[in-house]
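Colleague: below are the sequence and a predicted model for it; my questions follow.
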Amino acid sequence: MNLKKEISFGIAILLFVLFAFAYFNFRFGLEVRTLDNTINNSEMSGGSFKANRKEFASGEISKHNSKEDCWLIIDGSVYNVTEFIDIHPGGAEKLIALCGQDASLGFETKDGIGSHSQRAKQELATMKIGDLKN
């Protein structure tokens, strides 16, 4: 190959890799979300994290109990995990079984087999939509 062809080939490979990365990032949401981003997009009140979110009664949460509409209660907070179900590393069925319920024990113990990583906790924070009404 001459130099022009090698450069063209290199540019084509680079463009392909960039396109593939952009496609998969868009298609599967591979972006890294952090707890800092969640906090920065929320209000800080009295030194504690307080987002502009609602309070939900357990009766309302229990209505969101399917794969197509899945809310969970974890440690008094309410999370909409609908978009996450199909990409949950432990399998969709683990989340679907808990839709509309308190999933605190399941999340904290990973159904008795361990604990979720800090990354999982950060990911969960991005799905918070409110708090459980007392």
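Modeller: Noted; the coordinates are in hand.
Colleague: for the rest of this, base every contact and every neighbour count on C-alpha atoms.
Modeller: Noted.
Colleague: would you check that residue 129 makes contact with residue 79?
Modeller: Yes. Using CA atoms under 8 Å, residue 129 is in contact with residue 79, at 5.4 Å.
Colleague: the two: who's more crowded?
Modeller: residue 79 (21 against 18; other CA atoms under 10 Å).
Colleague: report the separation between the more buried one and residue 3.
Modeller: 56 Å (CA to CA, to the nearest Å).
Colleague: how is this protein partitioned into domains?
Modeller: As assigned by automatic domain parsing, the chain contains the domains 1-31, 33-132.
Colleague: possible to save those as CSV with mean pLDDT?
Modeller: What follows is the domains of the chain, written out as CSV (pLDDT from 0 to 100):
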stretch, mean pLDDT
domain 1-31, 70
domain 33-132, 83
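Colleague: looking at the ones you listed, which is buried most?
Modeller: Across the domains of the chain, the average number of neighbours (mean count of other CA atoms under 10 Å) peaks for domain 33-132, which reaches a mean of 16.
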